[in-house]
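Visitor: quick one: sequence and predicted model below, then my questions.
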Amino acid sequence: MGIFYYPWFATPQQDGAFAHWQQGGSAPPASLASGFYPARGPYSSADALVLGAQMREIAAAGVGTVIASWWGRGSLEDRRLPQVIAAARARGLSVAAHLEPYGGRTVAATEADITFLRTMGISDFYVWASDSLPVAEWAEMNDRLPEVRTFANTNLAGRAAGGGFDGFYTYDVLLFEGALFPRLCGQARRLGLLCAPSVGPGYDARRATDDDRVRSRRNGATYDSMWRGAVKARADLVTITSYNEWHEGTQIEPARAGQRGYEGYEGAWGLRGRQAETAYLDRTAYWVGRFTR
């Protein structure tokens with residue numbers, strides 16, 4: 001069980017300036033680049049107390065792997081990765097890398113980056129936008145990397161198999177429905193691939209981006225439907241989009257109830273107030289139990 005995690009947030013108190021919270025013209029802390037407001041307020045991902053609390057929440061939900069967003073060597077996410085790994089391991093969690101489409105990313109560069117990240121004890125790699133680079137080159141790379149597991153970001157099992165990946169994941173919770181997962185996992189099994197479909201609560205990026213598409217959370221029904229599809233599909237593992245991608249509104253990190261001008265998790269599974277703030281983490285624990293039963 002893995003969950004996508006973003007270590008890119010910053011605050012003036014911790015880092016000298018806000019990062020990511022001010023996206024889309026927002027002016028934190030009064031306004032944030034999200035339709036939701038974090039229960040812990042705008043935070044720095046470099047704050048050891050915040051990071052420790054987040055890892056504790058993830059572990060308590062029954063998730064075993066933190067899939068950390070990584071934007072290339074020297075990036076903010078790269079500099080913070082050792083701290084993420086240490087905090088995760090302190091809670092018995094493993095860490096995988098979500099290899100993003102950073103500038104100059106090629107298959108050869110990705111291979112070098114995987115070799116580099118292996119020195120930090122990472123062995124699982126999720127390759128975002130893998131379809132944008134040649135399948136034949138991926139196959140050659142994966143043939144040279146027998147001691148790691150790589151997952152292609154695609155809904156095309158044949159393309160993942162052609163690229164020599166160990167499995168694939170969907171990530172997108174705007175366009176994909178849980179009802180699709182049984183077919184995808186069936187295709188994966190026929191090709192000897194691991195099926196790691198991505199479940200999520202909804203999508204709303206309007207405050208942070210120009211994307212005006214929305215997938216309603218439906219008071220938790222969207223999350224349940226995606227999990228139900230993953231369970232029915234007998235997925236090899238489930239990836240959760242996301243712990244804290246606040247910009248796209250896919251987060252399950254606690255959100256403040258009653259914050260003026262922002263959505264909360266009020267009404268999810270009939271919960272209100274403080275109980276609603278952790279509704280999605282609590283529901284994750286329920287579904288992890290169902291999945292691993």
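Guide: Happy to help now that I have it.
Visitor: only C-alpha atoms for contact and neighbour calcs from this point on.
Guide: Will do.
Visitor: can you tell me the SS state at D211?
Guide: coil (DSSP: H, G, I helix; E, B strand; the rest coil).
Visitor: and the closest residue in space to it that isn't next to it in sequence, how many neighbours does it have?
Guide: Nearest non-adjacent residue to D211, counting by Cα to Cα, 6 or more residues apart in numbering: A205, 6.1 Å away. Neighbours of A205 under the rule other Cα atoms under 10 Å: 22.
Visitor: from what I can see A205 touches R215, true?
Guide: No - between A205 and R215 there is no contact under Cα atoms under 8 Å: 9.9 Å.
Visitor: so how far is the host helix or strand of W138 off the chain centroid?
Guide: Using DSSP states H and E, the element containing W138 is helix 135-143. Offset of helix 135-143 from its chain centre (Cα atoms, centre = their mean, to the nearest Å): 25 Å.
Visitor: any chance you could map the helices in the stretch 101-250 of the chain?
Guide: 107-118, 135-143, 157-162, 181-191, 221-233 (DSSP state H, counting those that start in this stretch).
Visitor: for the last one, output the C-alpha coordinates as PDB.
Guide: Included here for helix 221-233 are C-alpha records, laid out as PDB according to Å, rounded to 0.1, in the frame of the first residue of the first chain:
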ATOM      1  CA  ALA A 221     -18.700   8.100  -2.000                       C
ATOM      2  CA  THR A 222     -16.000   8.800  -4.700                       C
ATOM      3  CA  TYR A 223     -13.200   7.500  -2.500                       C
ATOM      4  CA  ASP A 224     -15.300   4.400  -1.600                       C
ATOM      5  CA  SER A 225     -16.100   3.700  -5.200                       C
ATOM      6  CA  MET A 226     -12.400   3.800  -6.200                       C
ATOM      7  CA  TRP A 227     -11.400   1.500  -3.300                       C
ATOM      8  CA  ARG A 228     -14.200  -0.900  -4.100                       C
ATOM      9  CA  GLY A 229     -12.900  -1.200  -7.700                       C
ATOM     10  CA  ALA A 230      -9.400  -1.900  -6.400                       C
ATOM     11  CA  VAL A 231     -10.600  -4.600  -4.100                       C
ATOM     12  CA  LYS A 232     -12.800  -6.200  -6.800                       C
ATOM     13  CA  ALA A 233      -9.800  -6.100  -9.100                       C
END
